[in-house]
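S.K.: have a look at this fold, sequence not included:
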């Protein structure tokens, strides 16, 4: 089982390739683009991960994005509601961006995968979304030497 994990469009874009439960490679996009906190789709990081495993996109079984856009949007609305009317300017600025792009992240990501690897990959079927803090926990647990662990995540944002 070959799973490609990706982070993009917010900050610190990255990719990680896990094969049969073992991390083969991981990289941040900024290491290739030299743009600090690069948030673009991690084309270079993905290419690096696949090259390290000596596989192609056709070998990837699943692609997992680190966050669930609808949960993030719900949290955003709850936050703005809790602090209303303060923050209205920020809310008015961010809402069109969410409604145009970020809320429909599945389409944005599958389009990027199709542009990167072609339309034959059935990327809509291979793409899954993880919960934000579960992604944090996985990034700590999987490279650890432990087979079992209790993981606590504490973050400034998330569900």
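M.R.: Okay, I see it. What you are looking at is a predicted structure, and each value in this text was computed from that prediction instead of being measured.

S.K.: where does pLDDT dip in the chain?
M.R.: By pLDDT under 70, the low-scoring segments of the chain are 157-159.

S.K.: redo that, cut-off 90
M.R.: 9-11, 21, 68-105, 107, 115-124, 132-133, 136, 139, 142-143, 153-159 (pLDDT under 90).

S.K.: tell me where it has helices.
M.R.: 30-33, 43-53, 69-82, 88-100, 105-117, 123-126, 132-141 (DSSP state H).

S.K.: let me know which of those is tucked in deepest.
M.R.: Most buried of those, by mean neighbour count (mean count of other CB atoms under 10 Å): helix 43-53, with a mean of 19. In short, each C-beta sits where N, CA and C put it, glycine included.

S.K.: what sits against the residue nearest to residue 91 when sequence neighbours are not counted?
M.R.: Computed as CB to CB, 6 or more residues apart in numbering, the closest residue to residue 91 that is not its neighbour in sequence is residue 80, at 4.5 Å. For residue 80, the contacting residues are 87-88, 90-91, by CB atoms under 8 Å, 6 or more residues apart in numbering.

S.K.: which of these lies closest to residue 23?
M.R.: residue 90 (37.0 Å; CB to CB).

S.K.: and for that closest one, nearest residue in space, chain neighbours not counted?
M.R.: residue 80 (7.8 Å).

S.K.: the helices of the chain into JSON lines, with extra columns for distance to residue 5?
M.R.: Output for the helices of the chain, formatted as JSON lines (distance: least, CB to CB, whole Å):
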{"stretch": "helix 30-33", "distance to residue 5": "16"}
{"stretch": "helix 43-53", "distance to residue 5": "9"}
{"stretch": "helix 69-82", "distance to residue 5": "16"}
{"stretch": "helix 88-100", "distance to residue 5": "23"}
{"stretch": "helix 105-117", "distance to residue 5": "12"}
{"stretch": "helix 123-126", "distance to residue 5": "13"}
{"stretch": "helix 132-141", "distance to residue 5": "8"}
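
S.K.: nearest to residue 8, of these?
M.R.: Closest among those, using CB to CB: helix 105-117, at 7.5 Å.
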